[in-house]
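A.B. asks: quick one: sequence plus predicted model below, questions after.
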Amino acid sequence: MGIAAWPSVRAHLQAIAILDLVSGQPVPRVLKAVVEEPVERKDIEFPAAGGVVQARMYLPARKAHAPALMVLHGVHHLGIDEPRLISFAAAMASCGLQVLTPELPDIKDYHIDAGSVRTIEESAQWFAKRSGGPVGVMGLSFSGGLALVAAADPIYQPSFKFVLAVGSQDEMSHVTQYYLTGREQRPDGTVEVLSPHEYGALVLEYEHLDDFVQARDVAAVRTVLREHLYENKAAELAAMNQATVVQRAEAVALMDTNSPQTRARLAAAERLRRKEMDGLSPHGILKSMTTPVYLLHGEADNIIPAAETLWMAKELPDTTLHAMLVSPVLSHLDLDGAKPGTWDELRLVHFFALIMQAVEQG
């Protein structure tokens with residue numbers, strides 16, 4: 001094997017090891033040499049226009065000037081403490097990268113809004129200054145779409161080396177329509193038909209609860225929905241017991257995301273919020289994007305359908321879209337797709353190897 005080929009081979013070996021680590025599988029002994037860097041974890045904070053950003057750094061102990069990657073958590077109440085995020089960030093750092101995971105408070109509280117875009121912009125800018133150059137940015141779920149919006153801002157664009165969007169949205173209104181119908185048209189005219197997970201619709205209800213219930217009932221119903229989203233059954237039951245009869249009925253109705261009444265209310269809320277949703281959508285800005293973009297999506301994702309990634313790939317210039325993969329190995333953000341074949345696994349390994357090489361490039 002020639003010296004010139006080693007960086008590519010090493011990146012592929014690291015990709016295999018990372019995917020094993022993230023999925024909880026033991027790393028084969030032969031691969032441990034490429035993921036053996038000791039990792040130091042450090043909770044930090046740094047100033048931003050919107051206030052102090054809480055974050056965590058994962059630092060390779062023996063590499064002072066490591067390439068930089070920022071990883072953005074998805075819509076989850078644990079934020080940067082979400083176990084899958086911790087596992088992935090630590091795995092990447094063990095390959096010799098410095099990894100920053102900033103807390104996105106609004107996303108953590110199930111709010112997808114412009115405040116998170118600003119936090120992403122300022123976090124990338126801070127990290128770029130700290131590391132001495134633009135940084136790779138990986139956004140999970142809705143954070144991936146927001147990272148693309150952030151990277152398109154000419155003020156902050158120099159801080160982004162590339163954006164990797166995993167299971168992300170192109171157009172928020174399309175995603176909302178999918179929650180209502182279970183259908184989304186792909187760019188080639190075919191239609192993706194997949195029963196949507198209740199989670200997506202519940203997030204939209206929770207975020208704009210005042211569109212669904214009377215002001216006097218918002219706090220009580222929000223508490224019930226929050227515990228339902230957290231999958232904390234005991235706390236959900238306790239919140240239900242604290243609510244009035246009317247509030248309980250409202251919460252039960254909203255949690256039945258398949259009922260015609262709830263879907264009609266979701267449709268009305270989508271029409272009311274469409275302009276706001278457009279500002280949180282990469283759609284319309286990707287055609288002029290100059291930051292390199294990588295797109296990854298689970299084939300059977302029923303929270304954000306894979307058609308969204310196909311629409312992004314269609315809009316992005318060929319010079320900007322560096323790689324795109326819709327993989328049966330993934331569901332939404334988990335490596336638990338239905339019976340992937342060996343070729344599917346190899347394609348995912350190759351995709352992550354491209355990311356490793358992109359981070360390493362000066």
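C.D. replies: Perfect, I can see it now.

A.B. asks: is Val163 within a helix or a strand, and which one?
C.D. replies: Following DSSP states H and E, one finds Val163 within strand 160-166.

A.B. asks: so which elements touch whichever helix or strand comes after that strand?
C.D. replies: Using DSSP H and E, the next helix or strand after strand 160-166 towards the C-terminus is helix 172-181. Helix 172-181 sits against strand 183-185, helix 198-207, helix 260-278, helix 307-315, with contacts defined as 3 or more CB pairs under 8 Å, 6 or more residues apart in numbering; DSSP states H and E. No exception for glycine: its C-beta is placed from N, CA and C like everyone else's.

A.B. asks: could you redo the last one with a cut-off of 6 Å?
C.D. replies: In terms of contacts (3 or more CB pairs under 6 Å, 6 or more residues apart in numbering; DSSP states H and E), helix 172-181 is packed against helix 260-278.

A.B. asks: and the helix it packs on, how far out from the chain middle?
C.D. replies: 22 Å (CA atoms, centre = their mean, to the nearest Å).

A.B. asks: can you give me the buried ones in that helix?
C.D. replies: Neighbour-count burial for helix 260-278, counted by 16 or more other CB atoms under 10 Å, picks out 262-263, 265-266, 269-270, 273, 277.

A.B. asks: mind putting those into TSV with pLDDT and distance to Ala66?
C.D. replies: As requested, the buried residues of helix 260-278 are exported to TSV (pLDDT from 0 to 100; distance: CB to CB, whole Å):
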residue	pLDDT	distance to Ala66
Thr262	89	48
Arg263	88	48
Arg265	88	49
Leu266	88	45
Ala269	86	44
Glu270	84	43
Arg273	87	41
Met277	85	37
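
A.B. asks: which residues are contacting the strand holding Val163?
C.D. replies: 124, 134-140, 144, 147-148, 151, 291-296, 355, 358 (CB atoms under 6 Å, 6 or more residues apart in numbering).

A.B. asks: pull the CA atoms of the strand or helix carrying Leu148 into CSV?
C.D. replies: If you go by DSSP H and E, Leu148 is part of helix 142-151. Coordinates of the C-alpha atoms in helix 142-151 are reproduced here as CSV (Å, rounded to 0.1, in the frame of the first residue of the first chain):
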residue,chain,number,x,y,z
PHE,A,142,-33.9,19.5,12.6
SER,A,143,-30.5,21.0,13.8
GLY,A,144,-29.0,19.9,10.5
GLY,A,145,-31.4,22.1,8.5
LEU,A,146,-30.8,25.0,10.9
ALA,A,147,-27.0,24.5,10.4
LEU,A,148,-27.5,24.9,6.7
VAL,A,149,-29.5,28.1,7.2
ALA,A,150,-26.6,29.3,9.5
ALA,A,151,-23.9,28.5,7.0
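
A.B. asks: counting contacts, what elements does that helix pack onto?
C.D. replies: Using 3+ CB pairs under 6 Å, 6+ apart, helix 142-151 is in contact with helix 114-131, strand 160-166.

A.B. asks: buried ones in the first one, by neighbour count?
C.D. replies: By neighbour count with 16+ other CB under 10 Å, helix 114-131 contains the buried residues 115-128, 131.

A.B. asks: same question for stretch 91-100.
C.D. replies: In stretch 91-100, counting by 16+ other CB under 10 Å, buried: 91-100.
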